[in-house]
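Student: sequence and predicted structure below; questions after.
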Protein chains: 2
Amino acid sequence: MNAPERFLAACARAPVDRTPVWMMRQAGRYLPEYRTVRSRVDFLTLCKSPDLASEVSLQPIERFGMDACVIFSDIMLAVEAMGASVSFGDSGPQIDAPIRSMADVERLRVPDPEAALPYALEALRRTREELHDRAALVGFVGGPFTLASYFVEGGGSRTFAAIKTMLYAQSAVAHALLAKLADFAARYAAAQAHAGAQAVQLFDTWAGELSPAAYEEFALPYQAAIVRSIRSAGVPAILFVNGCAGKLDLIAKCGADVVSVDWRVDLREARARLGAGVAVQGNVDPCVLLTTPDAVTTAARAAMESAGPTGHILNLGHGVLPPTPIECARAFVDAPKTAVVR
Amino acid sequence: MNAPERFLAACARAPVDRTPVWMMRQAGRYLPEYRTVRSRVDFLTLCKSPDLASEVSLQPIERFGMDACVIFSDIMLAVEAMGASVSFGDSGPQIDAPIRSMADVERLRVPDPEAALPYALEALRRTREELHDRAALVGFVGGPFTLASYFVEGGGSRTFAAIKTMLYAQSAVAHALLAKLADFAARYAAAQAHAGAQAVQLFDTWAGELSPAAYEEFALPYQAAIVRSIRSAGVPAILFVNGCAGKLDLIAKCGADVVSVDWRVDLREARARLGAGVAVQGNVDPCVLLTTPDAVTTAARAAMESAGPTGHILNLGHGVLPPTPIECARAFVDAPKTAVVR
């Protein structure tokens, strides 16, 4: 099997010659070659230059040989394309005028993705061409609740008090915002598939902070709409919700081919609760990759053991941390190539 | 039933006339009468003055009539008593010299709680005397992993990279630190029971950030030792782990009478997975209390409905947020007094 065949077989819960592997945020600051590029251009310029975005997307494939190549981009670019003014500082993205009312929601655009994000789609096309089946190309979009939380909080948050207050006290505004975000994300995800993405991951990272009842009302239906759009475009949909353990029964209903699981729950339990119709991705704690290659190998093998050999894509439970040593990233990517998994 | 009888019956999964209720961090900044006291003294002075600590502990009981009165204190006082230099700033507690080695661990003291924290135990005695059975008095200690994370990170953390690196790469140092923290917490918890606490809650808030395997090795045995000490002192033990959903099967093994559940999992599911031998506490999202009394009543009733009438203590899924309006806190405390729960 070549890498895209292996990756897509795992997404479809079909037999594989070995577990495929990649790492969320694998194109990033832990790589010296990435830092070299970033020393010349700022983050937004990098995202908006198809040649450079493609170059950094390919860097980890060239160094480590993962089975999937996730495109270098940022979920906030879609927010900007919808009309918000976004800046990227050291403390994460900031939005100038947070959304507070229905009028604010109505001002947001739902543009044609090709017109609004041409550089991102061009980066996918160039990367797919460069890959030559060395790895499956993975696109991504931000989940509606996660994007809404940035829109309403104005940036990152620990408690999500502003967005949750909107959910509970202005639910019509919240639903209008979520519907608009889901509408654009669904179009953008389909456009990514048409531009060459062989799978699209929906990052609804912060939806894990909701109660199950709030998740069912404010996250699940919008995730499901995006998943339908991805699958209609002919590629598998992967859903990531950080802190998913209390909502696996609901997450199973969103229709995704693959659920990307964080490290706070065992893959065996996650798989049992998601049911046989869903593949799993994950779920090594990114902090393990701050330690030693041996510890990484042990943790990666434990994840493969918990998940079993079919319908599992080895990954981290969240993105690679910037201080991750190269030799630990290598041990992670090598683990399924050297392990014998029952 | 009076309030202590009601609260203790719920801890023992015995029948109650109605669901008992309190709120984590109910003595705090959302109360104007608390802010009045704090305008005169700083946080540490307040913690270390038995009269004032007792006064603010009683404030929410006098205003709202909860069934339990949690003592006003801070888990970091134990850290200071063990020899660390702690400061309390706006961004949370900071420790001057984070622990990095076995020598650092060996320098920590395990003092006699009466000698090291006399003010905290005296505050319990005075509060118990003042309560006259208006509410059950609840003491608390910090969990070993949570305290270790402050000790090793030097303060709060988003990723817990330093403490987790110690777990994975210096596990002997981590175990020595955790054992010492558990030893002191076990003694301190028993001393609280002897000073009048009618239950002791173990706040191992950050242990939910561990993988299940790491939780089983680095959190569970130390929690279990503290739980045994609390129960040997003749009072029920309550365990709180924030983000518990992926570890309920393990948490059930720690021997606590009550597990305090965060809002990211439904109480019905939590109860099913914890088993019949454990009472549950929780689990309304504290953000709901930022909205309207009606929304609070709805959420509180939903939690009571999910948990059922026996072996449930209504509470939040985490501490009260400082911007919580008084009328929302009142709606929460009143919910079990007015609801008819099957």
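Tutor: Here it is on my side, so go on. Numbering: from 1, shown residues only, chains lettered A, B, ... in the order given.

Student: from here on, just use CA atoms for contacts and neighbour counts.
Tutor: OK.

Student: other SSEs contacting the helix or strand of chain A with the lowest mean pLDDT?
Tutor: Lowest by mean pLDDT, DSSP states H and E among the helices and strands of chain A is strand A:86-89, with a mean of 87. Judged by 3 or more CA pairs under 8 Å, 6 or more residues apart in numbering or on different chains; DSSP states H and E, the packing partners of strand A:86-89 are helix A:76-81, strand A:92-95.

Student: neighbouring contacts of the first one?
Tutor: Right, helix A:76-81. A:86, A:93, A:109, A:111, A:116, A:117, A:141, A:142, A:147, A:151, A:185 (CA atoms under 8 Å, 6 or more residues apart in numbering or on different chains).

Student: the nearest residue to the fifth one once chain neighbours are set aside: neighbour count?
Tutor: The reference is to residue A:116. Computed as CA to CA, 6 or more residues apart in numbering or on different chains, the closest residue to residue A:116 that is not its neighbour in sequence is residue A:81, at 5.7 Å. By the measure other CA atoms under 10 Å in any protein chain shown, the count of residues near residue A:81 is 20.

Student: what residues does the stretch 151-300 of chain A put near chain B?
Tutor: For the stretch 151-300 of chain A, the residues in contact with chain B (CA under 8 Å from any CA of the partner chain) are A:159-161, A:164-165, A:168-169, A:208-212, A:243, A:245-247, A:263-266, A:285, A:287-288, A:290-292, A:295.

Student: can you list the helices and strands packed on strand A:86-89 in TSV and add mean pLDDT?
Tutor: Formatted as TSV, the helices and strands packed on strand A:86-89 follow (pLDDT from 0 to 100):
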stretch	mean pLDDT
helix A:76-81	94
strand A:92-95	90
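
Student: buried deepest among these, which one?
Tutor: Per-stretch averages of neighbours, counted by mean count of other CA atoms under 10 Å in any protein chain shown, single out helix A:76-81 among these, with a mean of 20.

Student: buried sites along the top helix by length along chain A?
Tutor: In chain A, with assignment by DSSP state H, the single longest helix is helix A:171-194. Buried residues in helix A:171-194, counting neighbours by 16 or more other CA atoms under 10 Å in any protein chain shown, are found at A:173-175, A:177-194.

Student: just the CA coordinates for the helix or strand following it, please, in PDB.
Tutor: Counting by DSSP states H and E, the element after helix A:171-194 in chain order, helix or strand, is strand A:199-203. Extracted in PDB, the C-alpha atoms of strand A:199-203 (Å, rounded to 0.1, in the frame of the first residue of the first chain):
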ATOM      1  CA  ALA A 199      -9.800  14.100   3.400                       C
ATOM      2  CA  VAL A 200     -10.900  17.200   5.400                       C
ATOM      3  CA  GLN A 201     -10.700  17.500   9.200                       C
ATOM      4  CA  LEU A 202     -13.200  19.600  11.000                       C
ATOM      5  CA  PHE A 203     -11.500  21.200  14.000                       C
END
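
Student: who are the packing partners of the helix or strand hosting residue A:125?
Tutor: Assigned by DSSP H and E, residue A:125 belongs to helix A:118-131. The criterion is 3+ CA pairs under 8 Å, 6+ apart, and the helices and strands that helix A:118-131 contacts are helix A:43-48, helix A:50-64, strand A:136-142, helix A:171-194.

Student: for the second one, which positions count as buried?
Tutor: By neighbour count with 16+ other CA under 10 Å, helix A:50-64 contains the buried residues A:50-61, A:64.

Student: about what we covered before: turn the helices and strands packed on helix A:118-131 into a markdown table, columns for mean pLDDT.
Tutor: Output for those, formatted as a markdown table (pLDDT from 0 to 100):
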| stretch | mean pLDDT |
| --- | --- |
| helix A:43-48 | 96 |
| helix A:50-64 | 98 |
| strand A:136-142 | 98 |
| helix A:171-194 | 98 |
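
Student: one step back: closest to residue A:134 among the buried residues of helix A:50-64?
Tutor: residue A:61 (7.8 Å; CA to CA).

Student: for whatever residue of the stretch 1-150 of chain A ends up closest to chain B, grab the count of nearby residues.
Tutor: Here the stretch 1-150 of chain A gets closest to chain B at one residue, residue A:91, 12.1 Å apart by CA to the nearest CA. By the criterion of other CA under 10 Å, residue A:91 has 8 neighbours.
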